[in-house]
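Participant: Below are the sequence and a predicted model; questions follow.
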Amino acid sequence: MNNNQGEQPLPSPLSRGHDLFRRPSGEEKKIPRLAGPAEKTSSPPATTPPPTEDRGEENKNQSLLAFLPPQIRENPLYLALLAGMGALLILFFVLSLVKNRRGNPPLPPPLPTPTTVPVTPLSPSPTPAPTPATVIIDQESIFFLREGNLWKIQADSTNEKQVTQADVTLQGGQTVETMFNVPALITDFAWHPSTQQLAVISGRDLWLLRTKDQSRTAITPTDLGKNIFYRFPHWAPNGKMIALEYRQEIVGNALPLYKIQVFSTAGKLLHEISLERDFPLNNSSSLLRLADWFPNNQELLIYQEGDSDWQGLWRISLDKVRRERLVAASLSTAPIKPLPVDLSPDGKRLVYIENNRAWLFDLVQGNKRSIDLLPPDLVIFQPPQFSPDGQKILFIFEKKDSHQVYLAFYDWQKGSKDLFWSGLVGRVRNFSWSPQGERVVFSLSAPLTDTNITLWVLDVVWHGQSQITTNALFPQWATP
């Protein structure tokens, strides 16, 4: 008898498995049976398909729990426990976010480590002086005198500014904001365009005013006697020298002392031409006048009046080596009025008025010719002036009875003239060409007095004019 007859055989290790992975009874896998030939021809009985209303939701839940073992997936207690643990994790995560945002704000980034820089103690600086008024000067600017002070205005009548202030007119600590202060009223001035300097006669002194840096230099007459006057300053073309008339009235002497003095811009006396030393005259009524500079900066055009042997226009070098009488003419000018003569910009021609008749003198050819443009009822009251390009000459006349103001632009090359009535009545006191020669500025007063003075700008081509201001004398167009 076999001893093992009553014992059950042990299952194979491969056949053993955990109960969790064993299929429940009644769910054994069924292998479909193949139908025979007879069954293929017979139609299967009609069956009603199972309801599919909840199949989608059931499949969705099964897909979400597919990763769980069946024992846990089919146990409601396990599923509830898992759901509770997930809810606790979500609640913990939300509470931690709220705590970080409200209770414990994030710390700011650390500040950089400060660097120690040695500091040098500063000495106290003085209080700066008040800045003078700024006056813009361009090719549309016009200088003029008003009650002894220098002013500037634009050609379109805008931006009217005071440039100088005479100290003698200030009272009780009064101040006026200007570019320059001068001790006395200004009687005459000259502007140099390229260096932007003003030469003004203030009292008995000459002042050089520099608009670029607003500095100034005073030039006092060499003789400190009384009754000394500087007049009619003229800049050298290069702007490095200034020439002017010197006149001294000597008590008990019928002959005034006349000189032409030339100074550097630093105020040094460089040259002097004297009526007594350089013109040996016997006529006590003689006088010496300054007309202009020649373009070479070394010669002057002057006028001597009073002695028939010396009277006329002279060309004299500063070193007096060259002294040539150009025209033996009598210009019949008063000592206090500008000379009725003008030198062309190239220094080759000069125009002058003698006995109310205009003459053009050619310095190269040495001849002169008359300019026939004066009707018999017109009188020249202002010196003629060449245009900036030297092609035209401007003459200003006044009608004898009606005091109507006439102007004539004479083209000396063509011999043509453009004579017309300006539409104004009065007396032209001074005038000046614009830098490009397309306009003219002039001051106009009442016919026989110095009252009601106005300033006008006239178009050379169209002859139209407009008033730009009042109470203005000696206009000069400023060229920057």
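Facilitator: That came through fine.

Participant: Just after the lengthiest helix in the chain, pick out the following helix or strand.
Facilitator: Counting by DSSP state H, the longest helix found in the chain is helix 76-98. Helices and strands here follow DSSP states H and E; after helix 76-98, the next one along the chain is strand 141-146.

Participant: helices or strands up against the helix or strand just after that next one?
Facilitator: Next in sequence after strand 141-146, counting helices and strands by DSSP H and E, comes strand 149-154. With contacts taken as 3 or more CB pairs under 8 Å, 6 or more residues apart in numbering; DSSP states H and E, strand 149-154 sits against strand 141-146, strand 161-162, strand 164-166, strand 186-192. Every C-beta, even on glycine, is put in place using the N, C-alpha and C of the backbone.

Participant: one more time with 6 Å
Facilitator: Counting contacts by 3 or more CB pairs under 6 Å, 6 or more residues apart in numbering; DSSP states H and E, strand 149-154 is packed against strand 141-146, strand 164-166.

Participant: Straight-line length of stretch 156-166, end to end?
Facilitator: Terminal residues of stretch 156-166 lie 27 Å apart, using CA to CA, to the nearest Å.

Participant: Can you point out the buried residues in it?
Facilitator: 161-166 (16 or more other CB atoms under 10 Å).

Participant: hmm, back to that, and the longest helix of the chain, average pLDDT?
Facilitator: Helix 76-98 carries an average pLDDT of 74.

Participant: Does anything pack onto that helix? Which helices or strands?
Facilitator: If you count contacts as 3+ CB pairs under 6 Å, 6+ apart, helix 76-98 packs onto no helix or strand.

Participant: thinking again about what came up before, between the buried residues of stretch 156-166, which is nearest Pro388?
Facilitator: The closest of the buried residues of stretch 156-166 to Pro388 turns out to be Val163 (CB to CB; 23.1 Å).

Participant: Where is the longest strand in the chain?
Facilitator: Across the chain, the longest stretch assigned as strand under DSSP state E is strand 416-425.

Participant: Please identify the pairing partners of the following helix or strand past that one and their relative orientation?
Facilitator: Following strand 416-425 in sequence order, the next helix or strand is strand 427-433 (DSSP H and E). Counting by DSSP bridges, the strands paired with strand 427-433 are strand 439-445 (antiparallel).

Participant: Report the inter-axis angle for the strand it pairs with versus strand 149-154.
Facilitator: 140 degrees (axes from the mean of the first three to the mean of the last three CA atoms, to 10 degrees).

Participant: now strand 439-445: mean pLDDT?
Facilitator: Averaging pLDDT along strand 439-445 yields 94.

Participant: Following the chain onward from it, which element is next?
Facilitator: According to DSSP H and E, the helix or strand after strand 439-445 is strand 454-459.

Participant: contacts for that next one?
Facilitator: Where contact means CB atoms under 6 Å, 6 or more residues apart in numbering, the residues beyond strand 454-459 that reach it are 155, 439-444, 465-470, 472.

Participant: re the thing from before, can you lay out the helices and strands packed on strand 149-154 as a markdown table showing distance to Asn227 and mean pLDDT?
Facilitator: Formatted as a markdown table, those follow (distance: least, CB to CB, whole Å; pLDDT from 0 to 100):
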| stretch | distance to Asn227 | mean pLDDT |
| --- | --- | --- |
| strand 141-146 | 23 | 94 |
| strand 164-166 | 21 | 90 |
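
Participant: want to try a markdown table for the ones you listed, with distance to Gly390 as columns?
Facilitator: Listed next are the helices and strands packed on strand 149-154 as a markdown table, based on distance: least, CB to CB, whole Å:
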| stretch | distance to Gly390 |
| --- | --- |
| strand 141-146 | 22 |
| strand 164-166 | 32 |
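
Participant: Ile302: which of these is closest?
Facilitator: Per CB to CB, nearest to Ile302 of the helices and strands packed on strand 149-154: strand 141-146, 24.9 Å.

Participant: partners of the closest one, with directions?
Facilitator: strand 149-154 (antiparallel), strand 473-477 (antiparallel).

Participant: Number of residues surrounding Gln197?
Facilitator: Around Gln197 there are 21 other residues, counting by other CB atoms under 10 Å.

Participant: what's the distance between it and Lys348?
Facilitator: To Lys348, Gln197 is 27 Å away according to CB to CB, to the nearest Å.

Participant: do Thr158 as well
Facilitator: Counting by CB to CB, the gap from Thr158 to Lys348 is 38 Å.

Participant: swap in Ser202?
Facilitator: Counting by CB to CB, the gap from Ser202 to Lys348 is 35 Å.
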